[in-house]
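Peer 1: Requesting a structural model of the entry that follows:
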Amino acid sequence: MPIWMQVVVRSVAALAVLFLMTRLLGKKQLSQLNFFHYIVGITIGEVAGFISLEIEGHFMHGVAAMLVWTLIPLAFEWLSMKSKHVRKWFDGEGTVLIKDGKVLEDNLKKAMFTSDELLEELRKKNAFRFADVEFAVLETDGKVSVMLTQENQPLTPKSLGLKMPNEQEPQTVIMDGEIMDEPLATAGLSRGWLAAELDKLGVAQENVYLAQVDGYGELTVDLYDDQIKTPMPSERAVLWATLRKCEADLELFSLATDDAKAKHSYERSVKTLKSIVKQVEPYLTR
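Peer 2: Purely as a prediction, here's the structure:
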């Protein structure tokens, strides 16, 4: 067999073995790269490159080396799950860089972090002033986690005392112009409903690249032709506006009438409608 053919075969085989070893190590190797994972990844890659090009070397010797470098991290991972002390030694601990808006210079030096690097990491978290940061920690994977002070945190429905319904996963009902029956059934809808909604938007199924329906039954489409603008569904906005208009009309009727009985009836209706509006507001104004 020619040398170039041997290199090709060994490279393909090494790639297959490397892929299997990576899958064996799991997703943590990719998402949480600590010091040990970094060393293991480099070494396994070097061994894979070595057994690909070293024609005189025995292929299985390289595979055995890759297997050892895979099993050792797995053993440490298992021990880490069993022992907090092993986990602390193996993964390390986070380092507090900012506390109560104060930069901890000693911790910065221990982590070998410069002030420029700290400010850069803060900017990545949309914190352009260190005084706006309540707490910042250098995690074991080298990323900086940031918690802003209370007054600088974005508003959420919870902070405003609003209860929001659970968000349901949007279902892709059309992909590449083809109707997806399983997601459509998961959303509790039919092809007839989908056809009616497309008619409302004035688009044909074959012109739709992607279409999704959310948990509220609203359909959003993307067409093959990006120059064509499709109207966005507005049933909830229309219903919300109608309810508020009815509420305003009833209040106006209550103020305009001199009949005590009618005024009382209007006021009672306004109170009932306000209660309904408050209940449906999270669903209609999202």
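
Peer 1: contacts, neighbours, all on C-alpha from now
Peer 2: Will do.

Peer 1: Identify each buried residue in the helix or strand containing V68, please.
Peer 2: Per DSSP states H and E: V68 is located in helix 59-82. By 16 or more other Cα atoms under 10 Å, the buried positions in helix 59-82 come out as F59, G62, V63, M66, W69, T70, P73, E77, S80.

Peer 1: L74 versus the last one, what's the distance?
Peer 2: Okay, so that is S80. Separation of S80 from L74 (Cα to Cα, to the nearest Å): 10 Å.

Peer 1: try the fourth one
Peer 2: With distances taken as Cα to Cα, M66 is found 13 Å from L74.

Peer 1: In this protein, what helix or strand scores lowest on average pLDDT?
Peer 2: Least confident helix or strand of the chain, by mean pLDDT, DSSP states H and E, is helix 28-31 with a mean of 52.

Peer 1: on that earlier part again, just checking, what packs against the helix holding V68?
Peer 2: Counting contacts by 3 or more Cα pairs under 8 Å, 6 or more residues apart in numbering; DSSP states H and E, helix 59-82 packs against helix 3-25, helix 35-53, helix 84-91.

Peer 1: pull the CA atoms of that helix into CSV?
Peer 2: Extracted as CSV, the C-alpha positions of helix 59-82 are listed here (Å, rounded to 0.1, in the frame of the first residue of the first chain):
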residue,chain,number,x,y,z
PHE,A,59,-1.5,1.9,15.3
MET,A,60,-2.9,0.0,18.3
HIS,A,61,-0.2,1.4,20.6
GLY,A,62,-1.5,4.9,19.9
VAL,A,63,-5.1,3.7,20.4
ALA,A,64,-4.1,2.3,23.8
ALA,A,65,-2.5,5.6,24.8
MET,A,66,-5.7,7.5,23.8
LEU,A,67,-7.8,5.0,25.8
VAL,A,68,-5.6,5.6,28.9
TRP,A,69,-5.9,9.4,28.5
THR,A,70,-9.7,8.9,28.3
LEU,A,71,-10.2,6.5,31.2
ILE,A,72,-8.2,8.6,33.6
PRO,A,73,-10.4,11.7,33.3
LEU,A,74,-13.5,9.4,33.6
ALA,A,75,-12.1,8.0,36.8
PHE,A,76,-11.5,11.5,38.2
GLU,A,77,-15.0,12.5,37.2
TRP,A,78,-16.4,9.5,39.1
LEU,A,79,-14.4,10.4,42.2
SER,A,80,-15.4,14.0,41.9
MET,A,81,-19.1,13.0,42.2
LYS,A,82,-18.3,10.9,45.2
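
Peer 1: and the angle for it with helix 35-53?
Peer 2: 170 degrees (axes from the mean of the first three to the mean of the last three Cα atoms, to 10 degrees).
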